[in-house]
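[1] Pasting the sequence and the predicted model now:
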Amino acid sequence: MLPEQRTALDDIIGKIRAGRLTRRGFLERAAAIGLASSAAVSLLEACGGNSNSSGGNGAAKNIVWTSEQDPSNTYKALVDDFNKTIGQQKGIHVTWQQGPAKTDDLLTQYTNMLRARSSSTDVLSIDIVFPAQFAASQWTTPISDSQWPSSERQNYLPGPIQGCTYQGKLWAAPLRTDLGLLYYRKDLVSKVPATWDDLAKSAAAVSPSKVKYGYVWQGDQYEGLVCDFSEVLYGYGGSILDSNDPTKVTVNSPEAKQALAQMVSWVGTISPAAVTTYQEEPSRNVWQNGDAAFMRNWPYAYGLGNDPKESKIANKFDITALPYGGSNTVGHSAIGGWNLAINAFSKNPDAVWEFIHYMLQNDAQKRIAIDGSRTSTLQSIYTDSDVLAKQPLFGKLGPILKNALPRPVSPKYSDVSDAIQRNVYQALKKQVSVDAALSNLEADLKKAVAAS
Ligand code: GLC
């Protein structure tokens with residue numbers, strides 16, 4: 001969205017909240033600004049919505065948490081425990097709501113709510129790429145040193161804490177990190193691929209003769225594609241923005257050409273043509289049904305894949321680092337992860353912090369690791385013998401974590417991401433050539449970065 005559109009939107013939001021604009025007038029002006037009608041309607045609802053006083057168990061402070069999607073239901077179980085223990089003692093009740101599958105959709109939901117200065121969700125789950133953007137809009141209340149002293153903070157992974165820091169303040173607390181992994185079937189793959197070319201060869205050797213598809217990943221036009229593209233690109237030694245000067249766009253490089261050409265070559269060959277509609281969950285479903293030799297996904301798919309109640313390939317697979325290519329000798333995961341933040345418009349910020357603090361403690365972090373096979377931010381979890389015994393994944397993550405790299409960091413991340421998603425997707429769909437996609441991406445990124 002352009003700055004003038006944002007200003008126009010803020011103006012009509014202010015007017016509708018002040019009762020100076022009718023519902024119809026709001027929708028007409030939102031359409032004129034270029035907002036899709038579904039987005040305008042949900043924004044309108046958010047302008048009137050505030051669930052702070054409803055729901056819950058009659059406790060004095062009812063707060064709502066809409067999280068990122070959690071297929072393992074670990075978050076729900078943790079919320080139930082909080083309500084029965086600390087919540088009971090302190091008069092706080094948390095209502096948990098399952099969020100949408102795409103991080104982009106959760107962002108839209110939150111953006112509509114926050115533009116309307118609403119707190120229909122008090123506890124925000126913020127993807128690691130968004131704290132700066134939320135902070136720049138003052139949508140979350142910073143976590144102070146007295147709330148979370150450095151003696152506690154130092155026990156958490158520094159990367160996620162850094163990702164939540166903007167202009168010297170901590171705008172969210174790191175709940176969990178994430179990193180892209182290569183999953184492979186031990187019964188089908190004899191040699192673990194080191195390079196992207198090895199992967200393509202190995203996948204082609206077993207599919208479709210022994211397994212329906214060679215490789216499944218996230219090729220839909222959404223944030224997941226930014227992660228998958230970054231990983232192949234970083235694996236070839238390329239970059240998106242200059243890490244020392246994020247106003248410099250470096251994406252149109254020979255390394256990026258190799259990386260994008262590699263991805264385009266998978267679609268309809270080792271990967272189903274429908275991979276361009278896949279997010280994490282569709283890839284996991286194909287994989288767990290035993291229909292792919294390789295999958296790129298996050299650690300959460302490890303626990304679910306090993307659950308015989310829902311997976312046909314329990315104990316038949318393992319994980320390794322993502323491959324590399326060109327003259328590079330090491331692969332790189334994109335760093336993902338989710339953070340908890342206090343909605344700046346919440347009526348109960350202290351209760352929100354109480355709950356966030358509970359989610360950062362050893363017990364909650366351990367359950368996130370064991371029950372959800374999700375990578376905690378509390379460092380001691382990685383050497384906890386119970387965790388290592390129940391989720392052997394954790395014993396393999398050290399070098400992968402070490403080589404993981406962030407997506408570009410920007411307070412205008414949505415615009416950066418949108419440019420990557422659109423142009424990479426067009427290449428995958430063969431609507432434009434690899435060269436054209438990269439030069440269009442370069443131009444779009446220059447605009448996005450210049451506006452920052
Ligand atoms: C995972 C990651 C998040 C990323 C998203 C993309 O949820 O934790 O950082 O943006 O996947 O789909």
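    Arrived safely. Residues are numbered from 1 along each chain as shown.

[2] Run the contact check for stretch 422-441 versus the ligand.
    No. For stretch 422-441, no contact with the ligand is found by Cβ under 6 Å from any ligand atom; the gap never falls below 13.6 Å. In short, each C-beta sits where N, CA and C put it, glycine included.

[3] residues in contact with that stretch?
    If you take Cβ atoms under 8 Å, 6 or more residues apart in numbering as the criterion, stretch 422-441 is touched by 219-221, 225-226, 229, 251-252, 256-257, 260-261, 263-264, 267, 276, 419-420, 444.

[4] avg pLDDT for that stretch?
    When the per-residue pLDDT values of stretch 422-441 are averaged, the result is 98.

[5] Quick check: end-to-end length of stretch 80-89?
    Counting by Cα to Cα, to the nearest Å, you get 14 Å between the two ends of stretch 80-89.

[6] That stretch: how far from the chain's middle?
    28 Å (Cα atoms, centre = their mean, to the nearest Å).

[7] In it, which residues are buried?
    Buried residues in stretch 80-89, counting neighbours by 16 or more other Cβ atoms under 10 Å, are found at 82-83, 86-87.

[8] Do you know the pLDDT at residue 34?
    On pLDDT, residue 34 comes in at 75.

[9] and the gap between it and the ligand?
    Using Cβ to the nearest ligand atom, to the nearest Å, one obtains 25 Å as the distance from residue 34 to the ligand.

[10] Repeat that for residue 309.
    Where the ligand is concerned, residue 309 sits at a distance of 23 Å (Cβ to the nearest ligand atom).

[11] Over to residue 200?
    Distance, residue 200 to the ligand, using Cβ to the nearest ligand atom: 23 Å.

[12] Same check on residue 169?
    With Cβ to the nearest ligand atom as the criterion, residue 169 and the ligand are 21 Å apart.

[13] Is that residue in contact with residue 142, as I believe?
    Yes. If you go by Cβ atoms under 8 Å, residue 169 and residue 142 touch, sitting 4.2 Å apart.

[14] list residues touching both of these two?
    Counting by Cβ under 8 Å, 6+ apart, the residues touching both residue 169 and residue 142 are residue 135.

[15] who's more crowded, these two?
    More crowded of residue 169 and residue 142, by other Cβ atoms under 10 Å: residue 142, with 20 against 14.

[16] Who are the contact partners of the residue in the stretch 251-400 of the chain positioned nearest to the ligand?
    When distances are taken as Cβ to the nearest ligand atom, the stretch 251-400 of the chain approaches the ligand most closely through residue 336, which lies 2.7 Å from it. Under the criterion of Cβ under 8 Å, 6+ apart, the neighbours of residue 336 are 127-128, 177-180, 227, 298.

[17] repeat that for 10 Å
    Remark: with contacts taken as Cβ atoms under 10 Å, 6 or more residues apart in numbering, residue 336 is in contact with 68, 103, 127-129, 160, 176-180, 223-224, 227, 298-299, 375, 404, 406-407.

[18] What strand or helix carries it?
    Take DSSP states H and E as the rule and residue 336 turns out to sit in strand 335-343.
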